[in-house]
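> Starting from these lines, generate the structure:
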Amino acid sequence: MKKKRTFQPILVFIAIGFLLYGSYALCTSVSQKKYKRAEISENDKEINLLKKDVERLEEEISESDTTQYIEKVAREDFGMVKPREIIYVDKDKRSNNSNLQEISE
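Prediction:
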C-alpha cells in the first residue's frame with residue numbers, strides 16, 4: 001500500500017524563509033557594493049590631489065637651491081627687503097598681502 005503525500009506546511013515556511021533571506025542578502029550586498037564604489041571614487045580623488053601636492057613639493061624642492069627661490073622665501077616668509085628698498089603698504093586693501101614697490105636710487 002502506497003502512502004499518500006500530505007501537504008507539509010513546515011517545508012513551505014522553510015522555503016519561504018530561505019527565499020526571504022536570499023532576497024535580503026542580495027539587496028544588502030548590492031547596497032554595500034554601491035557604497036564601496038562611492039568610497040573608492042572618493043579615495044581616487046584624494047589620491048589624485050595628493051599626487052599633485054607631491055609633484056608640487058618635489059618641484060619646490062628641486063628649485064630650492066636657486067637664488068630666486070631663496071629670495072622669494074626671504075621676502076614672503078621672513079619679510080626681508082633689499083638694501084635701499086622702500087615698502088609701501090596700501091591700507092585700503094583688506095587682504096593680508098602687501099603691495100611691494102621697489103624704488104632704486
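> could you dump the helix or strand bottoming out on mean pLDDT in the chain to CSV, C-alpha only?
Every helix and strand of the chain was ranked by mean pLDDT, DSSP states H and E. The lowest is helix 67-78, at a mean of 88. Taking C-alpha atoms only, helix 67-78 is exported to CSV below (Å, rounded to 0.1, in the frame of the first residue of the first chain):
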residue,chain,number,x,y,z
THR,A,67,68.8,82.2,-5.7
GLN,A,68,65.3,83.2,-6.9
TYR,A,69,63.7,80.7,-4.6
ILE,A,70,65.8,81.8,-1.7
GLU,A,71,64.9,85.5,-2.3
LYS,A,72,61.2,84.6,-2.6
VAL,A,73,61.3,82.8,0.8
ALA,A,74,63.2,85.6,2.4
ARG,A,75,60.7,88.2,1.1
GLU,A,76,57.5,86.2,1.7
ASP,A,77,58.2,84.2,4.8
PHE,A,78,60.6,86.5,6.7
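> what pLDDT does the residue nearest the centre of the chain get?
Residue closest to the mean C-alpha point of the chain, counted by CA atoms, centre = their mean, is residue 46 at 2.8 Å. Looking at residue 46, its pLDDT reads 97.
> and what of residue 102?
pLDDT for residue 102: 47.
> now the least confident helix or strand of the chain, how far from the centre of its chain.
From the chain centre to the centre of helix 67-78 is a distance of 30 Å (CA atoms, centre = their mean, to the nearest Å).
> Could you list the buried residues of that helix?
Within helix 67-78, no residue qualifies as buried by neighbour count (16 or more other CB atoms under 10 Å). Using the backbone N, CA and C atoms, a C-beta is placed for each residue, glycine as well.
> Please enumerate residues in contact with it?
Residues outside helix 67-78 that contact it (CB atoms under 8 Å, 6 or more residues apart in numbering) are 60, 63-64, 80-81, 100.
> How about stretch 18-36?
Applying CB under 8 Å, 6+ apart, stretch 18-36 has no contact partners.
> At which residues are the helices of this structure located?
For the chain, the helices defined by DSSP state H cover 9-63, 67-78.
> By mean pLDDT, show me the worst of these.
helix 67-78 (a mean of 88).
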